[in-house]
Every structure is written in structure tokens, then in C-alpha cells.
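[1] what's the 3D shape of this:
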Amino acid sequence: MIKGLLRVAVLSASVLLSVAQPQTITSTTAASLTGILNTWFSPGGTGYNYVKSFNGIYMARLGYGITSAWFEALAPYQQNTVALRSVIAKVTGAVNTDTNKEVSALYATRVVLNSLIVQSGFKADLDTFLTTKLSALGVTANFAVDALNTDTTTPIGIGNVAGAGVVTHLLNDGTNQDGETIFAQPSIKLIAYV
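    This is a model prediction of the structure:
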């Protein structure tokens, strides 16, 4: 069951990345991000050990959190896409690169995963995994410092702010997995799309 739910999360991420923002997300970026999910959460992957005992609802919430984080982190790079959970200025010019998009998405994913998976050792394992992925992109990770970065002119800051917006939304999403005592708020802002 877990393997199937992970596939659904990866499939929804692929659809989100390729259909929702086709002008922004190259096939390389989409393949890289979904490949990270496959590597991390597939049986035998380090992340799988943390989620193999999760029920279907929690896995769906995890998939939703990850794909929402990616959407939020990538929206600033697309001129006609509006983020739903965060307010980040559009990224233009030379800094609008595939590498920066991936860095933003990875940092947003880190924020969301660290809020949803609290088992002992998870944060250190995730940071080790992401350090390797970021190094392949030419980025030296220093998570102790990077976690404080909310400068939305940098890919790391964009990712952190986007991830925090998703976490804030998930705190009152109605699943009561965080012990919320209020009913869920409407999950979509009423905004005008161009």
C-alpha cells in the first residue's frame, strides 16, 4: 500500500510540474525532482524507513505537502503563476535558472518534510540526502544558517518562505494530525488569474 501511495505522490508531483507550469518547468527539472522522491521514499531508500508505517491519510497528506511545496517554490519563477500559500516576488533575468528552481524546491521540501515527519533521526538523514543533491547542483548546504534565510531574492530564501507557507496551511487542514482545535479554513485564496 505504501509503495502505491508513494507512486501516487510522485505521479501527482510529475503532473503538477509538467502541466501546471509548462513554460517554467523543464523536463530535466521535473525529472530531477520526481527522481529525488523516488530515490528517497522507495523501498530501500532512507526516507522509506520513516514512512513505511504511515497510514493512507498521512501518506496523502505527505504527498500533498511535497507537491504544494514544489508549486509554491516554483511559482515565483513563472510570470503567470500565482502561489497560493506564500507571497514571493517574481524572479526575472539571469537568476531564473533551472538550478535555482531546483534549489528552491528542495529547500521548500525540506521545510515541509521536517514539519510532517518528526521521528528521531529523520532531520539528520534528510539533510545528508539533500546535501548530496544540492552538491550535485553546485550548492554548498549549511542548513543551520540556511534555515534562517527568508530573503526571497535567493533560491534558498524562496524555498524556505514557500515551505513555511505550506506548513502554515497544513497546521489547520482538518486532518487533526497536528492536534488542531479549530475547523479547517478554506484552502484556496480567491484570486484573479490572468
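[2] Tell me which helix or strand comes right after the worst-scoring helix or strand of the chain on mean pLDDT.
    Every helix and strand of the chain was ranked by mean pLDDT, DSSP states H and E. The lowest is helix 2-15, at a mean of 52. Toward the C-terminus, helix 2-15 is succeeded by helix 27-41 as the next helix or strand (DSSP states H and E).
[3] Run the chain-centre distance for that following helix.
    Mean-position distance between helix 27-41 and its chain equals 12 Å (Cα atoms, centre = their mean, to the nearest Å).
[4] please renumber so the chain begins at 28
    Okay, using 28 as the starting number, the last item reads as helix 54-68.
[5] So which bits of the helix or strand that that helix is followed by are buried?
    Next along the chain after helix 54-68, taking DSSP H and E as the criterion, comes helix 75-78. Within helix 75-78, the residues scored as buried using 16 or more other Cβ atoms under 10 Å are 75, 77-78. Any C-beta I mention is one placed from the backbone N, CA and C, and that applies to glycine too.
[6] Between the residues you listed, which sits nearest residue 101?
    Nearest to residue 101 among these: residue 78, at 23.6 Å, using Cβ to Cβ.
[7] hang on, that closest one packs against residue 89?
    Yes: judged on Cβ atoms under 8 Å, residue 78 makes contact with residue 89 at a distance of 6.8 Å.
[8] what is in contact with these two at once?
    residue 144 (Cβ atoms under 8 Å, 6 or more residues apart in numbering).
[9] burial measure for residue 190, as a count.
    Each residue near residue 190 was counted by other Cβ atoms under 10 Å, and the total is 30.
[10] What of the one 5 residues further on?
    By the measure other Cβ under 10 Å, the count of residues near residue 195 is 12.
[11] quick one: buried residues of whichever strand or helix holds residue 92?
    Per DSSP H and E: residue 92 is located in helix 83-101. For helix 83-101, burial by neighbour count (16+ other Cβ under 10 Å) applies to 85-101.
[12] and if you look at stretch 160-176?
    160-161, 166, 168, 170, 173, 176.
[13] so what's the closest residue to residue 102 other than its chain neighbours up against?
    In this structure, residue 102 finds its nearest non-sequential neighbour in residue 110, 4.0 Å apart by Cβ to Cβ, 6 or more residues apart in numbering. With contact set as Cβ under 8 Å, 6+ apart, residue 110 has these partners: 98-99, 102-103, 189, 192.
[14] Show me the shaky parts of this protein.
    The chain contains residues with pLDDT under 70 at 28-57, 199-221.
[15] I would like the residues contacting the helix or strand hosting residue 192, please.
    Secondary structure from DSSP H and E places residue 192 in helix 182-198. Helix 182-198 has contacts (Cβ under 8 Å, 6+ apart) with 88, 92, 95-96, 99-100, 102-103, 110, 112-113, 115, 118, 122, 126-128, 130-139, 142-143, 173-174, 176-179, 205, 207, 214.
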